[in-house]
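**Q** Predicted model follows, preceded by the sequence.
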Amino acid sequence: MTQKSELGREGEDFAAEYLKRKGYGVIERNKREKWGELDIVVIAPDKTLVFVEVKTMRPGILKPEDQMSGAKMKKFRRTAEIYAGSHEELISDKRGWRLDLVALVKKSNGFAEADAFEIRHYENI
């Protein structure tokens, strides 16, 4: 596994734990669909089905959010639509579904530390 993929996996693990602590229920991780992959699929505390894209980077000039280009956003939305269409039982009539972005910047070497990452959670991107 490359350092980049290790960092990505570590970031996704951290994001999943962060979401659980915030009251989200994790349904699936790294779910492949026809158009792409969904990093994390969760049910929010208000029962909204949420698709979470996780972007993780080491400190630098660019921010993880900068990696979410228009093309990546389109692919993310299309993949979520396919998943939502085939899992209607997970969608609340009142809440529907949404797309979130969790942006992480690695702060320390120790994953076990609760503050190993700087985290920004953007809802309904």
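**A** Thanks, I have the structure now. Residues are numbered from 1 along each chain as shown.
**Q** Going along the chain, name the helices of this structure.
**A** 3-21, 70-86 (DSSP state H).
**Q** Sort out which residues of the shortest one are buried, please.
**A** Within helix 70-86, the residues that qualify as buried are 76, 79-80, 83-84, counting by 16 or more other C-beta atoms under 10 Å. Any C-beta I mention is one placed from the backbone N, CA and C, and that applies to glycine too.
**Q** lowest-confidence stretch among the helices of the chain?
**A** Between those, the lowest average pLDDT goes to helix 3-21, which shows a mean of 91.
**Q** follow-up on the earlier one: make JSON lines out of the buried residues of helix 70-86 and add distance to G25.
**A** Converted to JSON lines, these look like this (distance: C-beta to C-beta, whole Å):
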{"residue": "F76", "distance to G25": "21"}
{"residue": "T79", "distance to G25": "20"}
{"residue": "A80", "distance to G25": "17"}
{"residue": "Y83", "distance to G25": "16"}
{"residue": "A84", "distance to G25": "16"}
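**Q** show me where pLDDT drops low in the chain?
**A** 1, 3, 108-114 (pLDDT under 70).
**Q** redo that, cut-off 80
**A** 1-4, 34, 92-93, 108-115 (pLDDT under 80).
**Q** hmm, back to that, right, and the pair among the buried residues of helix 70-86 with maximum separation?
**A** Within the buried residues of helix 70-86, two members stand farthest from each other by C-beta to C-beta: F76 and A84, at 12.3 Å.
**Q** Please, where are all the strands along the chain?
**A** Listed in chain order, the strands of the chain (DSSP state E) span residues 25-32, 37-43, 49-57, 97-106, 117-122.
**Q** just the angle between the longest one and strand 37-43, please?
**A** Strand 97-106 runs at 110 degrees relative to strand 37-43, counting by axes from the mean of the first three to the mean of the last three C-alpha atoms, to 10 degrees.
**Q** which residues does the residue lying closest to R120 once chain neighbours are set aside bridge with?
**A** Nearest non-adjacent residue to R120, counting by C-beta to C-beta, 6 or more residues apart in numbering: A103, 4.5 Å away. When bridges are called by DSSP bridges, A103 pairs up with K55, R120.
**Q** Perfect, that will be all.
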